[in-house]
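>>> Could you look at this predicted model? Sequence included:
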Amino acid sequence: MENEAIMVPSPMTPCRSVIIDPKLCNGCNTCVEVCRSDVLLPNPEKGKPPILMYPDECWFGGCCVGHCPIPDAIRMEHPLNQRVGWKRKETGEYFRIGMKNPPPPNTRPPVG
Amino acid sequence: MTEPKSNQAMEWPYPVNYGKENEVSADVLIIGGGIAGCHAAINAAKRGAKVVVVDKGAVIRSGLGGAGVDHWHLACTNPCSKVTPEEVVEIETTKGLSPYFTLEYGNGITCYITCKESYDALLDVEKMGVKVRDVDDEFVGAEFRDEQTKLMFAYDYENKYFIRVSGGANIKPALFNELKRLGVKIYDRIMATSLLTDGGKQGARVVGATGINTRTGEFYVFNAKATVLTTGAPNGLWIFSTELGGATLFQEPNLTGEGTAMAWQAGAELTLMERSSAGLASGGFHYPMYGTGDANNTWFACTIVDANGKEIPWVDRDGNIIKTVSERYRPVPGQKLFFPYLAFGGEFRGPILTPDLPERIRKGEFKLPLYADLPSMPEHERRAIWGLMVGNEGKTRIPIYNTYSKAGFDPDKDMLQASIMPPEAYPFNTWWATYGPRQWRSGGFAAGGGLVFDWDLKTTLDGLYVGGMAIYSGGSHATSATAGRYAGRKAAEYALRAGEPIIKRKQVEEEKARVYALVRRKDGIGWKELRAGLCRIMQDYCGEYKSEETLKMGLRWFDSVRESEASTVYARNPHELVRSLECLTHITVGEIIMHASLARKASSAFLEFNRLDYPEIDPPEWNKLVTLRLENGDIKVGELPLNYWLLQPNAPTYEENYKKHCGL
């Protein structure tokens, strides 16, 4: 263990709203152009992922995720204080958004 | 400034040009490119007008309805409907629980227009490529589907006047493409800051607007023969928290009241500004919208079970227990129709969960938490609630449907948990909205205040038309689409015969000076601290209980903050400039609400309005609309009868007024 510590200002908010995967994002800035409140700003370095500058102004509409041309390059992350649970009727198992070892994804698309 | 300078300050990524002026001319200027604004633009352009749309966000997805819609209200003229516009508007306006708004929280004019044209607006959207019907035949044989037209209905399956929109999440991009196809000029990322009037005079014809680019800080002067205000209603006046933001906001963060404030400054008449509500839309403690188990609204009429799997009974209007799922979607024998949003009773109430649920929870008969038992629902209903409605409603396609599906939620197997609330809260709508402090209020939504207008959707100012939720007592997605459509026609009609707009240079210069004062300051208060402080003033002095003394103290606080802290608010980039200007709007709108609250010298259950100094609830002489406007800087208080739209100089029936004014 190294006794290293840094001094940084308090994090501004408990939410990150969206998570961008820098390995998948090609920096096209579609999400930046769709966002209604300029939560994301373009990276000064061309081709790099946008900067999540104002996450606390995000409405969680998800339009940035919906318009992203690369699957999974950007995803929504509900803050912990807004994560919801559910119960499997047959087994009584309890699951929730954000749990460790979640059940396999449900791949059925929505209507429309 | 107290923020550490080492906090990775980066150069602003957009070119900044404070003060640079851009001039734009139009026949019809639309302020706010949401659902109403887009329909207004399309219909004005189709009438040959040169149209410009200005939006604080990006029109492709902006506005309260920008992320989607799941069901279309009052489509009385669809081929399957068993009710007529005249029948519905009569019930909506006279059989409700409040004389101030209709059963759906609308006003008589836009309610009737919606009944007449909402199906046409839906067909417009379908022509733009949005899936409206069950074209993929996924719901063949479902009770709510008409086999011939493939239309699908919500709520009242007997009368078929609410339509489920199969691909509602895709509407906004389709509207955006249609604007481009029609040659409408779109100005994204421009916040309108003021209306320009003939000669710069308050109360004169509106001849355009000013705006500021949210990324570059450039200034815009729009001159227009007619203007349509479709900015939405003021939001977030009582609550601001960066710690509880995001998904907890019911209305979208750009709706900060610029439209209301600029119309007020221009001299337009406003009404119902004193109304605010707790509960729904109170914000702050929400779960993601539609993202908990529920039985109401989009989730109507899901089976609900308690923690032990015991089913909560559904009851009909007359209090009888409903035995089948199918009957939850039908009026009782002898009932003409039912409305889905009536939790409290009355002739037209629909099926609800048993109203004695709170006491039965208290007695231990039902154990919390409750769950939405989707697996027990018939397959078509389950898919309609989760796949269609939650899949397409505003803010649900990505945040709820996709996010929950990825996390493994399966409606065929899983029961979604409802929020845990005080037992009394369950008979109310929308459990995801949970329960906040009573002084955390919201105005604007669900029959809130806004602009007064007539059968042309014209405000009290020449050249200024209104649509969407900028009107007083605004309504749903369908109402916004329909009223926008109508306002676009009327504005174009006016513009094509109106004289050239003449802009008074002095008015532009004064607005520029006001706007750019903030970027010249180097030190002072940040916009977040200011906004939170302004919310505190609303909570304390204009909260659940009001009196002459507290309202006047509130006005004094606003005055004092305006000359002290608010005159030091600074902006380090165009984004902060916009957020700071919104705070100044907040003061203006807060003051309007306090003045309106002072003018109504009576308490009202209908308006959720409590005056400690006038405790009598809804005395008959106060059953009227209180109006306010500015004249030469002075506030003029007036009144309007509750059904002014059927009184002189208007015709006595909805049909006659519509025929005379609709422009079709």
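Happy to help now that I have it.
>>> switch to C-alpha atoms for all contacts and neighbour counts from now on
Will do.
>>> residue ranges with poor pLDDT in the chain?
Answering for chain A, as no chain was given. A:11-12, A:14 (pLDDT under 70).
>>> my bad, the chain I had in mind was chain B
Under the criterion of pLDDT under 70, the regions of chain B flagged as low confidence span B:1-8, B:244-250, B:279-284, B:342-345, B:429, B:444-446.
>>> Count the residues that sit near residue B:262.
21 (other CA atoms under 10 Å in any protein chain shown).
>>> following the helix or strand it falls within, which helix or strand comes up?
Using DSSP states H and E, residue B:262 sits in helix B:258-266. Helices and strands here follow DSSP H and E; after helix B:258-266, the next one along the chain is strand B:270-271.
>>> Partner strands of that next one, with direction?
Strand pairing for strand B:270-271, determined by DSSP bridges: strand B:450-451 (antiparallel), strand B:625-631 (antiparallel).
>>> Please produce CSV containing the ones you listed, extended by mean neighbour count.
Supplementary listing: the strands paired with strand B:270-271 in CSV, determined by neighbours: other CA atoms under 10 Å in any protein chain shown:
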stretch, mean neighbour count
strand B:450-451, 32
strand B:625-631, 21
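>>> would you list these in CSV and tack on distance to residue B:180?
CSV is the format used below for the strands paired with strand B:270-271 (distance: least, CA to CA, whole Å):
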stretch, distance to residue B:180
strand B:450-451, 29
strand B:625-631, 37
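>>> Apart from its neighbours in sequence, what residue is nearest the spatially most central residue of chain A?
Taking CA atoms, centre = their mean, the centroid of chain A lies closest to residue A:18, which sits 2.5 Å from it. What sits nearest to residue A:18 in space, not counting adjacent residues and going by CA to CA, 6 or more residues apart in numbering or on different chains, is residue A:76, at 4.5 Å.
>>> Note down every partner strand of the helix or strand encompassing the one you found and its orientation.
Under DSSP H and E, the secondary-structure element containing residue A:76 is strand A:74-77. Counting by DSSP bridges, the strands paired with strand A:74-77 are strand A:17-20 (antiparallel).
>>> thinking again about what came up before, need the residues that contact the helix holding residue B:262.
Residues from elsewhere that reach helix B:258-266, judged by CA atoms under 8 Å, 6 or more residues apart in numbering or on different chains: B:31, B:192-197, B:201-204, B:206, B:229-234, B:270, B:450-451, B:470, B:582, B:585, B:588-589, B:629-630.
>>> switch to 7 Å and redo it
For helix B:258-266, the external contacting residues (CA atoms under 7 Å, 6 or more residues apart in numbering or on different chains) are B:193-195, B:197, B:202-203, B:229, B:231, B:450, B:470, B:585, B:588-589, B:629-630.
>>> Out of those, which end up buried?
Buried positions within the contacts of helix B:258-266, assessed by neighbour count (16 or more other CA atoms under 10 Å in any protein chain shown), are B:193-195, B:197, B:202-203, B:229, B:231, B:450, B:470, B:585, B:588-589, B:629-630.
>>> now the closest residue in space to residue A:28 that isn't next to it in sequence: how far from chain B?
If the residues on either side of it in the chain are set aside, residue A:28 comes closest to residue A:47, at 6.6 Å by CA to CA, 6+ apart. Spatial separation of residue A:47 from chain B under the definition CA to the nearest CA, to the nearest Å is 14 Å.
>>> Quick check: of the buried ones among the contacts of helix B:258-266, which lies closest to chain A?
Of all the buried ones among the contacts of helix B:258-266, the one sitting nearest chain A is residue B:231; the distance, using CA to the nearest CA, is 13.8 Å.
>>> and residue 20, what is it in contact with?
Unless you meant another one, I'm taking chain A. For residue A:20, counting by CA under 7 Å, 6+ apart, the contacting residues are A:73-75.
>>> my bad, the chain I had in mind was chain B
Applying CA under 7 Å, 6+ apart, the residues near residue B:20 are B:218-219.
>>> One more pass at 10 Å, please.
Contact analysis of residue B:20 by CA atoms under 10 Å, 6 or more residues apart in numbering or on different chains lists B:212, B:216-220.
>>> Distance to residue B:541, secondary structure and neighbour count for these - can I get that in JSON lines?
Written out in JSON lines, the entries for the contacts of residue B:20 read as follows (distance: CA to CA, whole Å; DSSP: H, G, I helix; E, B strand; the rest coil; neighbours: other CA atoms under 10 Å in any protein chain shown):
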{"residue": "B:212", "distance to residue B:541": "32", "secondary structure": "strand", "neighbour count": "28"}
{"residue": "B:216", "distance to residue B:541": "37", "secondary structure": "coil", "neighbour count": "21"}
{"residue": "B:217", "distance to residue B:541": "34", "secondary structure": "coil", "neighbour count": "27"}
{"residue": "B:218", "distance to residue B:541": "37", "secondary structure": "coil", "neighbour count": "19"}
{"residue": "B:219", "distance to residue B:541": "36", "secondary structure": "strand", "neighbour count": "27"}
{"residue": "B:220", "distance to residue B:541": "36", "secondary structure": "strand", "neighbour count": "24"}
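>>> among these, which two are most distant?
Farthest apart among those by CA to CA are B:216 and B:220. That separation is 11.3 Å.
>>> list residues touching both of these two?
B:19-20, B:190.
>>> Setting the sequence-adjacent residues aside, check what's closest to residue B:348.
Of all residues beyond its chain neighbours, the one nearest residue B:348 is residue B:338 (4.7 Å), with distances taken as CA to CA, 6+ apart.
>>> actually residue B:36, not the one I typed
residue B:484 (4.2 Å).
>>> again with residue B:423
With CA to CA, 6+ apart, the residue lying closest to residue B:423 is residue B:358, at 4.5 Å.
>>> Relative to residue B:422, how far out is that neighbour?
Using CA to CA, to the nearest Å, we find residue B:358 at a distance of 8 Å from residue B:422.
>>> quick one: what helix or strand has residue A:98 in it?
Under the criterion DSSP H and E, no helix or strand holds residue A:98.
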